[in-house]
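Novice: 3D, please:
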Amino acid sequence: MCQNNMTKVVLCIVLIIGIVFTYNEPATATDNTRPDVPENFVVRQSGKEALKLTWNKVKGSSGYEIYKARICLGGYKLVKKVKNKTEWKDNSVKVGRAGTYKIRAYRIKNDRKIRSAFSYPVSAKVCTVKNKSRNAVRVIANHKKKYKGEFTLNIGEAVIEENDEFKAKVLGPIKKGKKQRWKPINKRVRWFSTDPSIVKVRSATKMEAQHKKGKCYIYAVGHNGIRSNRIPVTVKDYAYEKVDIEKAPIRIQLFFEECNDKIREVCSYYSIHKNKESYELYCGSDGKYMQRGKLLDKTKMPQMKELLDKSPFSWTKIEIMPGAVHFQIPGRYETLQLTYVFKQIDVSDTFKKISNCWWYGIIGARI
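Specialist: Prediction:
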């Protein structure tokens with residue numbers, strides 16, 4: 001009897017151990033994260049009758065799919081799948097003709113192919129001696145103002161003026177035995193940013209600083225994927241920069257020192273979330289707050305009212321414009337104005353600059 005009980009105990013232990021070791025954890029959700037887009041995708045002429053494509057390796061990818069533009073039918077067609085390599089040679093391009101390509105990476109997960117987004121298109125031509133132009137070999141990017149060091153933007157600032165335009169020059173190869181260069185097949189470039197969350201580049205005349213401070217680089221890419229030198233761009237919040245407030249009149253100094261944090265907070269917010277219309281807020285003689293115009297975000301109203309309450313002067317007025325924030329401080333004979341400018345707008349010649357975006361001056365009208 002005792003032996004039978006012992007046998008049952010041993011069998012139960014074996015069964016429990018088997019269950020423990022054969023138990024599989026519940027299947028977790030499949031990882032659908034897409035691979036990165038292959039960087040530095042370039043096409044060059046290889047020999048006399050071929051084009052060679054190269055790109056950087058994508059970590060965690062299983063392979064790459066290369067698509068080629070169809071001249072007659074339009075669109076792109078899958079022409080090659082590449083594994084364990086970062087280059088491919090297209091021998092099907094006819095002499096004197098061009099080829100345009102895109103590439104994307106993929107990885108295999110649970111017998112399922114997860115693909116990245118497409119790269120930007122690149123194109124090159126199989127050139128001959130008769131051709132008067134050649135594929136680009138170099139791209140040079142610079143800024144028209146020939147600035148020293150790095151180019152600085154305020155958060156939310158957009159560069160659309162011609163004076164602030166970045167430019168790039170595409171160069172062809174040097175002619176044999178001569179100092180001259182061949183003309184490039186295409187002089188157009190595309191602009192990119194190393195961190196679009198800091199600076200987003202849309203064209204040579206459209207570069208936008210985002211809502212995030214930091215440093216990144218912008219660069220130009222030629223028709224065949226050749227990259228230019230990188231231009232450093234720093235995005236700062238000028239609302240919090242050092243201000244030479246000692247140069248301003250004593251009333252502005254007192255106002256700025258007393259309401260420093262609130263002033264900078266309001267200016268920083270509206271340099272990002274720009275108000276579409278003019279808006280005014282001030283406290284009347286009866287102690288009630290008066291306002292004119294529409295405010296973009298009413299959640300900032302308590303902060304602005306607190307700013308007015310902290311002001312050492314009565315009847316201080318806040319005026320929010322589409323490109324600036326004004327703080328008007330009334331006096332016995334004139335009204336002083338402290339202005340924070342976050343957009344490229346004209347400032348009165350009578351106003352004096354005390355930092356990159358801060359100005360002060362005297363305005364004739366009293367509140």
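Novice: list the contacts for Asn356?
Specialist: By Cβ atoms under 8 Å, 6 or more residues apart in numbering, Asn356 lies in contact with 154, 238, 241. The C-beta positions use only the backbone N, C-alpha and C, and glycine is treated the same way.
Novice: for it, give its distance to Asn229.
Specialist: Plainly put, Asn356 is 26 Å away from Asn229 if you go by Cβ to Cβ, to the nearest Å.
Novice: in this protein, which helix or strand is least confident?
Specialist: For the chain, counting by mean pLDDT, DSSP states H and E, helix 2-22 ranks last in confidence among helices and strands (a mean of 46).
Novice: domain parsing of this structure, as residue ranges.
Specialist: 42-131, 136-236, 240-363 (automatic domain parsing).
Novice: re earlier: next SSE after the least confident helix or strand of the chain?
Specialist: Where DSSP states H and E defines the elements, the next helix or strand beyond helix 2-22 is strand 42-45.
Novice: secondary structure class for Pro302?
Specialist: With DSSP: H, G, I helix; E, B strand; the rest coil as the basis, Pro302 sits in helix.
Novice: that one: neighbouring residues, count only.
Specialist: 9 (other Cβ atoms under 10 Å).
Novice: what does Asp237 give?
Specialist: By the measure other Cβ under 10 Å, the count of residues near Asp237 is 19.
Novice: touching, it and Ile155? I think so.
Specialist: Yes. Counting by Cβ atoms under 8 Å, Ile155 is a contact partner of Asp237 at 5.1 Å.
Novice: tell me, what's touching these two both at once?
Specialist: Residues within reach of Asp237 and of Ile155 at once, by Cβ under 8 Å, 6+ apart, are 213, 268, 271.
Novice: now restrict the residues you listed to buried residues only.
Specialist: Among the shared contacts of Asp237 and Ile155, the ones that count as buried by 16 or more other Cβ atoms under 10 Å are 268, 271.
Novice: out of the contacts of Asn356, which comes closest to Phe166?
Specialist: Nearest to Phe166, judged by Cβ to Cβ, of the contacts of Asn356 is Asn154 at 17.2 Å.
Novice: now that closest one: closest residue in space that isn't a chain neighbour?
Specialist: Tyr238 (4.6 Å; Cβ to Cβ, 6 or more residues apart in numbering).
Novice: give the burial count for the one you found, as a bare number.
Specialist: 22.
Novice: so what's the residue sitting nearest the centre point of the chain up against?
Specialist: Geometric centre of the chain, nearest residue: Pro196, 2.3 Å, by Cα atoms, centre = their mean. Residues counted as contacts of Pro196 (Cβ under 8 Å, 6+ apart) are Gln210.
Novice: 6 Å instead?
Specialist: Residues counted as contacts of Pro196 (Cβ atoms under 6 Å, 6 or more residues apart in numbering): none.
Novice: wait, a strand at it?
Specialist: No. Assessed by three-state DSSP, Pro196 does not belong to a strand; its assignment is coil.
Novice: from Lys212, how far off is it?
Specialist: With Cβ to Cβ as the criterion, Pro196 and Lys212 are 10 Å apart.
Novice: do the same with Tyr360
Specialist: Counting by Cβ to Cβ, the gap from Tyr360 to Lys212 is 29 Å.
Novice: which phi and psi does the closest residue to Arg230 other than its chain neighbours have?
Specialist: Excluding the flanking residues, the one nearest Arg230 by Cβ to Cβ, 6+ apart is Tyr217, at 3.8 Å. Here is the backbone geometry of Tyr217 (degrees, to the nearest 10): phi -130, psi 150.
Novice: contacts only, for Tyr217.
Specialist: Tyr217 is in contact with 194, 230, 232, counting by Cβ under 6 Å, 6+ apart.
Novice: A strand includes the last one, no?
Specialist: Translated: Pro232. Yes. Assessed with three-state DSSP, Pro232 lies in a strand.
Novice: who's it bridged to?
Specialist: Pro232 has these beta-bridge partners by DSSP bridges: Tyr217.
Novice: and it, how many residues sit next to it?
Specialist: Neighbours around Pro232, by other Cβ under 10 Å: 13.
Novice: state the distance from it to Pro196.
Specialist: According to Cβ to Cβ, Pro232 stands 16 Å off from Pro196.
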